[in-house]
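Asks: just coords:
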């Protein structure tokens with residue numbers, strides 16, 4: 001058999017390779033033709049991965065579809081796959097198809113070889129085996145830019161929920177990179193009891209996608225977070241575009257900052273992730289477009305990192321900072337860290353019955369911080385969000401994160417206005 005083996009650069013090359021595959025598909029093991037078969041499979045897969053990333057169905061799904069068409073049970077596949085246990089492992093995605101299995105399924109069930117040689121979908125980790133893809137808020141995620149580059153091919157995104165989520169997971173490195181605790185009850189994290197955990201996981205996936213597309217230029221070293229570094233970071237608050245300066249300053253030591261609107265029913269202010277490469281990612285929802293809120297949430301998440309809260313099996317922490325910090329000691333510690341980092345320990349302006357705008361501005365200037373940090377602290381302690389409302393830097397954050405502008409909803413703006 002004269003089968004040409006060469007890199008596939010055109011559709012004509014691809015079609016020729018498929019024709020060649022048919023010629024050597026039944027080649028006995030150990031023959032030159034069998035070697036040609038192995039090479040052709042690799043060449044075809046490489047071409048399809050590049051040019052047809054989502055055109056063909058997953059091999060396992062193709063087998064299940066054929067079984068349904070023919071009314072076959074799992075036991076009926078034993079002659080083609082080898083044993084009951086192998087059939088079960090193939091259909092659950094725990095075992096890859098061998099060439100022998102592919103030949104047999106092609107010959108006896110008529111499943112196209114080009115479908116069977118495609119790489120199977122990544123099996124779900126044990127912690128995510130019960131994942132229900134239909135529960136992800138994919139429509140809202142799509143509006144916020146989660147699936148840029150994913151082709152639904154004329155279908156509604158809801159009809160392609162599993163494919164879309166798997167595509168997004170692939171963008172961040174696979175299911176091993178997914179914060180699996182997002183779907184488990186957690187009494188330690190500071191999260192709303194009404195939280196939709198699929199929305200939380202969907203938001204987290206998009207955060208990690210944004211971070212993977214915009215990595216930090218250096219690898220993070222924990223000893224970079226010195227007291228001097230934190231003090232310098234806070235001093236940036238006086239600049240007109242301080243959120244952008246803070247983003248860039250943290251990026252220089254390997255910390256990625258992502259601003260992404262929260263999804264409905266997540267009630268989030270921020271989160272911090274440690275990716276598989278030990279790279280920290282701080283995510284801010286900017287739920288309130290105010291400088292005082294931006295700086296407190298940012299320092300709270302940095303506090304989790306500096307205080308060693310992300311260790312062992314804990315690879316991420318999400319926060320709804322409107323809730324009391326009684327959920328865990330680590331939340332109290334992160335709050336205390338942010339409070340101490342932003343203003344002097346002896347700050348006491350909030351104890352005065354009467355305080356003028358001039359005094360607030362003078363205090364901020366004397367201590368090298370933005371007046372919003374002072375005004376915000378006073379509002380928080382006194383639970384009076386009208387006092388010095390003109391000083392908290394309302395509307396001065398989101399504009400510095402234009403990429404995050406995908407999805408700032410009127411609901412979020414209304415929520416901010418009522419703060």
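Replies: Alright, I've got the coordinates. In this text the structure is predicted, and so the values were computed from the model without any measurement.

Asks: residue nearest the centroid of this protein?
Replies: residue 205 (2.1 Å; Cα atoms, centre = their mean).

Asks: mean confidence score for the helix or strand containing that residue?
Replies: Take DSSP states H and E as the rule and residue 205 turns out to sit in helix 197-213. Across helix 197-213, the average pLDDT comes to 92.

Asks: where in the protein is pLDDT low?
Replies: For the chain, the stretches flagged by pLDDT under 70 are 1-3, 51-57, 118-123, 126-127, 153-154, 180-187, 403-419.

Asks: helices or strands up against the lengthiest helix in it?
Replies: Using DSSP state H to define each element, the chain has its longest helix at helix 32-51. Where contact means 3 or more Cβ pairs under 8 Å, 6 or more residues apart in numbering; DSSP states H and E, helix 32-51 is packed against helix 11-24, helix 99-109. For every residue, glycine as well, the C-beta is placed using N, CA and C.

Asks: on that earlier part again, contacts for the helix holding residue 205, please.
Replies: Contact with helix 197-213 is made by 132, 135-138, 140-141, 144-146, 165, 168-169, 171-173, 177-179, 182-183, 191, 256, 258, 260, 262-266, 268, 271, 273, 275, 279, 281, 283, 316, 318, 403, as judged by Cβ atoms under 8 Å, 6 or more residues apart in numbering.

Asks: who's in contact with the next helix or strand after that helix?
Replies: Next along the chain after helix 197-213, taking DSSP H and E as the criterion, comes helix 227-235. Contact with helix 227-235 is made by 246, 249-250, 253, 295, 299, 302, 306, 341-342, 368-369, as judged by Cβ under 8 Å, 6+ apart.

Asks: Which one of the residues you listed sits in the busiest neighbourhood?
Replies: Neighbour counts for the contacts of helix 227-235 (other Cβ atoms under 10 Å) peak at residue 295, which has 27 neighbours.

Asks: Which residues belonging to stretch 73-90 are considered buried?
Replies: Buried residues in stretch 73-90, counted by 16 or more other Cβ atoms under 10 Å: 77, 80-81, 86-87, 90.

Asks: Same list, the residues you listed, but as TSV with distance to residue 237 and secondary structure please.
Replies: Converted to TSV, these look like this (distance: Cβ to Cβ, whole Å; DSSP: H, G, I helix; E, B strand; the rest coil):
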residue	distance to residue 237	secondary structure
77	64	helix
80	67	helix
81	63	helix
86	62	helix
87	62	helix
90	57	helix
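
Asks: can you pull out the strands in the stretch 201-350 of the chain?
Replies: 256-259, 270-274, 280-284, 316-319 (DSSP state E, counting those that start in this stretch).

Asks: Which of these sits closest to residue 336?
Replies: Residue 336 lies closest to strand 316-319 among those, at 14.2 Å (Cβ to Cβ).

Asks: How about residues contacting that closest one?
Replies: Contacts of strand 316-319 (Cβ under 8 Å, 6+ apart): 179, 181, 189-191, 200, 204, 268-274, 297, 300-301, 304, 309-310, 330-331, 334.

Asks: Distance check, residue 274 against residue 317.
Replies: Distance, residue 274 to residue 317, by Cβ to Cβ, to the nearest Å: 10 Å.

Asks: intersection of neighbour lists for those two?
Replies: Counting by Cβ under 8 Å, 6+ apart, the residues touching both residue 274 and residue 317 are residue 310.

Asks: Next, count neighbours for residue 240.
Replies: Residue 240 has 9 neighbouring residues, counting by other Cβ under 10 Å.

Asks: circling back to that earlier point, now do the buried residues in the helix holding residue 205.
Replies: 197-212.
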